[in-house]
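Q: I need the structure of the sequence given here:
(chains A and B)
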Amino acid sequence: MSAAEELPINAKHPPRPGRWIAAVLAGFVLVWLAYTIIVNPNLHWDIVVDQQFDHRILAGLGVTIALAVTSMVVGIVLGVLVAVMQLSANPVLRAAAGLYTWFFRGTPLLVQLIFWFNLALIFPTVGFGVPFGGPQLVEWQTNALITPFVAGLLGLTINEGAYMAEIVRAGISSVAHGQREAAEALGMPNRAVLRRVVLPQAMRVIIPPTGNQFISMLKTTSMVSVIAGADLLTVAQHIYLDNFEVIALLIVASIWYLVLTTIASVGQHFIEKRFNRGQITLRRRLGRDLLPVVRRRKS
Amino acid sequence: MTPMVRISKVRKRFGYLEVLKGIDLDVARNSVVCVIGPSGSGKSTLLRCVNRLETIDSGRIRVDGELIGYTEHTDGLRVLGEKQLCRQRAAIGMVFQGFHLFGNRTALENVIEGPVTVQGKSRAEAIEQARELLERVGLADRAEHYPAQLSGGQQQRVAIARSLAMRPKVMLFDEPTSALDPELVAEVLAVMRDLAREGMTMMVVTHEMRFARDAGDHLVFMDDGVIVEQGDPRAVLEQPREARTRAFLGQVG
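A: Take a look at the predicted model:
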C-alpha cells in the first residue's frame, strides 16, 4: 500500500459537455427574455412604479390579505371539525361530513362565489326563529347582509373547509394506532387523546399541504373580482378601466401577489421545522453522533 | 383477600373467530403472573381485555374488586361512561410490545403526560416524580431525548416509567421484549424484575421463559383460546402435565 492510497480521494470527473450546453442555452433564453421585457415600450414601467403604492391598490391589498387569512383560519377550524366528524363512529355525522366535502369540492369555486353573492334570490330574508315555516324572532334582508366581501368570505371559507377536511383526515389517519391506544391506556378521555396525542402528530403531515393551500388561497382570492370584491385584482381592474394601463396594473397586482406568496413560503418553512420535532432524520442523527468522531480523526 | 385481577368465564370473538373460549384466571396481589403460549393463542387479547382496549362478549373482569367496563344493575349490565372508564384505566398500567411512546414528546414529557393530563397534577410535581422514575429505570440522562433518539430498550424503559407515573394498582406487559434486539432484552427485564421485587402486581405476556421461571409467581400456558395448564412456573416449565404444553416448550427450547 503506497502513501498516496491513504490520502482523501480527489479524482477528476470525465468531461460533461451536456451540462455546459444546457447552461448556456438556458442562460441565453433568460437574458433574451429580460432584455425584451426591459426595452419593450408597451410595458409602462414608470406607471408600474407610480401605481405600486397607490392608496387604492394598498386598500385592495388589505382586502386580499383579510380575505385570505380569515378564510384560511376559519377554513382550518371547519376542516378539523369535518375531519373529526368523518372519522367518528356516528353514521349521521359521517354522512353529513361526506356530503359537505363531496359538494364543495365537486363544484367550481367561481360558481359558489356567484351563488353566495346571489343568495337573496333564494332566501330574500334570513333570521332566527322557529324552523319549518314558524314565526321569526329576528329577520334581515339578505341583500343588506351579503356584501361582496361577505359573499367572498363565505365562498372561500366553505370551499377551503372542504379541502382542509381531507388534508386533516389524511393527517389523523397517518398517526399510528398504537399512539391512540397508549393514550387510552393511560386513561385519557377521547378528546384529550385527539388534542394531546393525535392532532399534534398529525400536524407533521397536515402542515405542508396546508401551506400550499394558503399560498394558493392568496391567489384564489382574486376570484372575488367577479363579484366586485374590492380585492387587489378588482381595484387594479377599476384603475385600468379608467386609465387603460391594463398591463401595467396587472404587473402591479402580480408584484404584490408575488410578495405575499414569497412571505408565506418563508413562513411555511419555519412552521414545518417547528412541527418536525421528534422526527430525527438519518442525516441529522449521523451529524450529531458521528461528526465529532470524524473531526477528531481529521485533526 | 380478593385477587387484584379476577377474570371469570371470559369469551371474546373477532367475527367468526373465537379467540378466548372461557378464561378463568386470578392474579393475586403483589404477585407476577406470566402468560405464555404460541402466537394466536389469545394471550395478548386477554391482556388487552383487562384494561378494556378490547371489549369482551361474555364473562366478567374485575380489577381490585371493581367490574371493568360495566356497572351492574338489577336489570343487567350498563356500559360504563367515558369518565369512569378512564378512571379505571388510569389505575391499570400497560406496556406494549411496540413501546408506543408519544413521538412528538421527549422522554420526560412522555412520563408527565398522564399525571398532568389525566390526574391533573401540577407540572412541577409531575416533573419531579418523572425524574425519579427515569432514574429508577436508569435513564435520568435521557430525559430530554425524543423517542427516535433512543434505542428500543431505552424506549421500553421510558414506556414503563410512563405507566408507573400513574401509580397503577397493576401493570400489564404485552410482550415487552419481543420487538427488541437480543442484547437489549436484559435491560428491560432487569427493570421488570426490580418492579416485581418491590411488590408490584404484574400480568406479563412473554416469550422469555427464564424471566417467567425466575421472576414469576404463577405461570399460565394458553393455546387456542383456552388455559391449557397453569401453576408454579418451575413445575409447569420442567414437568408439564399436558401434551400441548410439552409440544410448545419443546419448540421454544
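Q: from here on, contacts and neighbour counts on C-alpha atoms
A: OK.
Q: longest helix in the chain, please.
A: Because you didn't say which chain, this covers chain A. helix A:55-86 (DSSP state H).
Q: hm, I was asking about chain B
A: Chain B, longest helix under DSSP H: helix B:182-197.
Q: can you pull the buried residues of it?
A: B:184-185, B:187-189, B:191-193, B:195-196 (16 or more other CA atoms under 10 Å in any protein chain shown).
Q: next one: stretch A:203-217
A: Result for stretch A:203-217 [16+ other CA under 10 Å]: buried residues A:203-207, A:210-211, A:213-215, A:217.
Q: hmm, who's touching it?
A: For stretch A:203-217, contacts defined as CA atoms under 8 Å, 6 or more residues apart in numbering or on different chains pick out A:68, A:72, A:164, A:167-168, A:170-171, A:174, A:261, A:264-265, A:268, A:271-272, A:275-276.
Q: gap between it and the chain center?
A: Per CA atoms, centre = their mean, to the nearest Å, the displacement of stretch A:203-217 from the mean C-alpha position of its chain is 5 Å.
Q: got it, and stretch B:29-42?
A: On CA atoms, centre = their mean, the centre of stretch B:29-42 falls 9 Å from that of its chain.
Q: and for stretch A:160-178?
A: Worked out by CA atoms, centre = their mean, stretch A:160-178 lies 16 Å from the chain centre.
Q: mean confidence for it?
A: Mean pLDDT, computed over stretch A:160-178, is 95.
Q: which strands or helices does the longest helix of chain A pack on?
A: Under the contact definition 3 or more CA pairs under 8 Å, 6 or more residues apart in numbering or on different chains; DSSP states H and E, helix A:55-86 sits against helix A:91-106, helix A:148-174, helix A:199-220, helix A:232-243.
Q: columns distance to A:Arg19 on top of the ones you listed, output as JSON lines?
A: Output for the helices and strands packed on helix A:55-86, formatted as JSON lines (distance: least, CA to CA, whole Å):
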{"stretch": "helix A:91-106", "distance to A:Arg19": "44"}
{"stretch": "helix A:148-174", "distance to A:Arg19": "39"}
{"stretch": "helix A:199-220", "distance to A:Arg19": "32"}
{"stretch": "helix A:232-243", "distance to A:Arg19": "41"}
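Q: which of those sits most buried?
A: Highest mean neighbour count among these (mean count of other CA atoms under 10 Å in any protein chain shown): helix A:148-174, with a mean of 23.
Q: same for the following helix or strand past that helix, what does it pack against?
A: Counting by DSSP states H and E, the next helix or strand C-terminal to helix A:148-174 is helix A:177-185. Using 3+ CA pairs under 8 Å, 6+ apart as the contact test, the elements touching helix A:177-185 are helix B:82-90, strand B:92-95.
Q: what comes up buried for the longest helix of chain A?
A: A:56-61, A:63-69, A:71-72, A:74-86.
Q: try stretch A:30-45
A: Those would be A:43-45, for stretch A:30-45 by 16+ other CA under 10 Å.
Q: on that earlier part again, just flag the most distant two among the buried residues of helix B:182-197.
A: Across those, the longest distance by CA to CA is 19.3 Å; it joins B:Leu184 and B:Ala196.
Q: check what pLDDT residue 5 gets.
A: In the absence of a named chain, this looks at chain A. pLDDT, A:Glu5: 80.
Q: chain B, not that one
A: 97.
Q: and what of A:Leu145?
A: In this prediction A:Leu145 is given a pLDDT of 82.
Q: and it, how close does it get to A:Gly134?
A: As for A:Leu145, its distance to A:Gly134 is 22 Å (criterion: CA to CA, to the nearest Å).
Q: need the contact partners of stretch A:142-155.
A: A:67, A:70-71, A:109, A:112-113, A:116-117, A:119-120, A:123-126, A:221, A:224, A:227-230.
Q: helices of the stretch 151-253 of chain B, residue ranges please.
A: In the stretch 151-253 of chain B, the segments counted as helices under DSSP state H, counting those that start in this stretch are B:152-164, B:182-197, B:209-215, B:233-238, B:243-252.
Q: and the stretch 151-253 of chain B, which residues reach chain A?
A: B:163, B:166 (CA under 8 Å from any CA of the partner chain).
Q: and the residue of the stretch 151-253 of chain B found nearest chain A, what does it touch?
A: Nearest residue of the stretch 151-253 of chain B to chain A: B:Ser163, at 7.1 Å (CA to the nearest CA). Neighbour list for B:Ser163: A:186, B:93-95, B:111, B:171 [criterion: CA under 8 Å, 6+ apart].
Q: B:Arg157: which of those is nearest?
A: Among the contacts of B:Ser163, and counting by CA to CA, the member closest to B:Arg157 is B:Val95, at 9.4 Å.
Q: give me the nearest residue to that closest one, chain neighbours excluded.
A: B:Phe173 (4.8 Å; CA to CA, 6 or more residues apart in numbering or on different chains).
Q: burial measure for the closest residue to A:Ala183 other than its chain neighbours, as a count.
A: Of all residues not flanking A:Ala183 in the chain, A:Val193 sits nearest, at 6.0 Å (CA to CA, 6+ apart). Other residues near A:Val193 number 20, with proximity taken as other CA atoms under 10 Å in any protein chain shown.
Q: and if you look at the one 3 residues further on?
A: Other residues within reach of A:Arg196, judged by other CA under 10 Å, total 16.
Q: can you tell me how far it is from chain B?
A: To chain B, A:Arg196 is 9 Å away according to CA to the nearest CA, to the nearest Å.
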